[in-house]
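Student: Have a look; sequence and predicted model below, questions after that.
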Amino acid sequence: MKREHRKEKVHWLLKNSHLLLSIAIVVPTAIIYGSPAILPDHLDIEVQSVDLANMLRAIMCLYLGICGVWIAGVWKSRYWKIATQLNILFMLTLATGRLLSIIIDGIPTGGYVFGIIAEGFIGLFSIYQFRKYVVQSSIF
């Protein structure tokens, strides 16, 4: 019985690893974006207008809302598919936007270079997870 329970936990962890990784990266990023006082410590951004602060706090809440969908997908299996699809869309569109900016604007600071690498990896990994677990679950 314990062996079966351990096997289920490992399966749960593997199946949800892309969502858990995304949550672990995006929640702190959202908080940094929405905190103008600490933003310059992490990225080369000085918030000097109410409009920029407003935009960044809106992005923070958007990111946290998306994380809410991912959390629902981790804890409730009926939401896993939509959470994974959202993860693919979120990560690959961010990576595409960053790539476009690199082409047009040049190389950003290290935090954003990490971002494009992480987002591209997680987006592609999420596609792998989706194909693996959606096909696997529809067989049984």
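Tutor: Structure received.
Student: separation between the spatially most central residue of the chain and Leu86?
Tutor: The chain has Ser22 as the residue nearest its centroid, 3.5 Å off, counting by CA atoms, centre = their mean. Per CB to CB, to the nearest Å, Ser22 is found 10 Å from Leu86. Where C-beta positions appear, they are placed from N, C-alpha and C, glycine not excepted.
Student: likewise Leu99?
Tutor: Applying CB to CB to Leu99 and Leu86 gives a distance of 20 Å.
Student: try Val10
Tutor: Taken as CB to CB, the span from Val10 to Leu86 is 25 Å.
Student: likewise Leu92?
Tutor: Leu92 is 11 Å from Leu86, by CB to CB.
Student: Same question for Lys132.
Tutor: From Lys132 over to Leu86 (counting by CB to CB), the distance is 17 Å.
Student: if we can go back for a sec, look up phi and psi at the residue nearest to the centre of the chain.
Tutor: Here is the backbone geometry of Ser22 (degrees, to the nearest 10): phi -60, psi -40.
Student: Glu46 now?
Tutor: Main-chain torsions, Glu46, degrees, to the nearest 10: phi -110, psi 120.
Student: could we number from 14 for the rest of this?
Tutor: In the new count, where the first residue is 14, that last one comes out as Glu59.
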